[in-house]
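1. missing the sequence, but the structure's below:
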């Protein structure tokens, strides 16, 4: 395990401890420590174990998944501006959730919306896997992803336009803003299998991504199975992004920013980039969620909005820097 990985892991542990303290309920440090140890009052234990820690776990898990997916896609597409939404999987996951909310299925069970998001991601994945099996290049996959994102975005806008009542529209808007507020351990358990399988697939693609960094022709001459690498990355990132959207709604930019910040520390090695990028993205979202909990706003800022406010300027800076480097 590298020093960078150890450092990021340590920061994540500290932020989890801080997350137990952050919130509007007036809990002292002693109350939080007692609650973490399973002691103290019932109210403190409920606040820490059933409200704050599940929320922290959701923020960290979503960040890890998006950071890992972003690093893998950047290696596959050889584009440092690629991120989980670039293949249309996140957009279709959001579309699945929006359809469930639009038709009032969210009231049937709290699991309907997350499951609909995962099914939406699965539909986009089938299209991408079919294209890969037919020999589509990385550029073709990128173009297909842009088309899928545009189509899903249009359908989401249509659903908002045709929302039957203001309450449905408010639910749709809240979902698209992205948030981990009110998440429970059940939400984490639902997303965990997809996150776990997606992580395994992406890590298996690591050697292929390292070979691809030398160029596709060189990678093939070295014996790398490019089609297998594409399938592993597409399948893995689809599961990661789909489960993340199912858990937190639309969260952007962290999948671009984290790999870019880590890349110089791993000597631009796509395989070594994966784990630190995942941890850094998890740390970023966990820190952002703690920050929005303590900001003195009358209404809590949405996590997706906070990520966009910070990530948007950083994305512009990255794009401008890449433009200067290629000039």
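-> Yes, it's here. Remember, it's a predicted structure, so these values are computed and weren't measured experimentally.
2. got any ranges where the stretch 51-200 of the chain has weak pLDDT?
-> For the stretch 51-200 of the chain, the stretches flagged by pLDDT under 70 are 107, 110.
3. need the helices for it, in chain order.
-> Taking DSSP state H, counting those that start in this stretch as the criterion, the stretch 51-200 of the chain carries its helices at 53-77, 89-102, 112-133, 138-161, 166-177, 185-204.
4. what angle sits between the fourth one and helix 112-133?
-> Here helix 138-161 points in a direction 150 degrees away from that of helix 112-133 (axes from the mean of the first three to the mean of the last three C-alpha atoms, to 10 degrees).
5. do the same with the first one
-> Helix 53-77 runs at 10 degrees relative to helix 112-133, counting by the same axes, to 10 degrees.
6. Just name whatever secondary elements helix 53-77 is in contact with.
-> helix 3-21, helix 138-161, helix 185-204, helix 206-212, helix 226-248, helix 254-262, helix 270-294 (3 or more C-beta pairs under 8 Å, 6 or more residues apart in numbering; DSSP states H and E). For every residue, glycine as well, the C-beta is placed using N, CA and C.
7. Would you mind identifying the next helix or strand past the fourth one?
-> In other words, helix 206-212. Counting by DSSP states H and E, the element after helix 206-212 in chain order, helix or strand, is helix 216-221.
8. Make CSV from the helices and strands packed on helix 53-77 and add distance to residue 86 and mean neighbour count to it.
-> What follows is these, written out as CSV (distance: least, C-beta to C-beta, whole Å; neighbours: other C-beta atoms under 10 Å):
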stretch, distance to residue 86, mean neighbour count
helix 3-21, 24, 16
helix 138-161, 5, 16
helix 185-204, 15, 18
helix 206-212, 16, 21
helix 226-248, 9, 26
helix 254-262, 9, 26
helix 270-294, 15, 24
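9. Which of these sits closest to residue 177?
-> helix 226-248 (10.0 Å; C-beta to C-beta).
10. pLDDT on the closest one, on average?
-> What helix 226-248 shows for mean pLDDT is 90.
11. Return the distance of that helix from the chain's centre.
-> Distance of helix 226-248 from the chain centroid (C-alpha atoms, centre = their mean, to the nearest Å) equals 11 Å.
12. How confident was the prediction at residue 266?
-> Value for residue 266, per-residue pLDDT: 92.
13. which non-adjacent residue is nearest it?
-> Nearest residue to residue 266, sequence neighbours excluded (C-beta to C-beta, 6 or more residues apart in numbering): residue 272, at 4.1 Å.
14. how close does the one you found sit to residue 250?
-> To residue 250, residue 272 is 29 Å away according to C-beta to C-beta, to the nearest Å.
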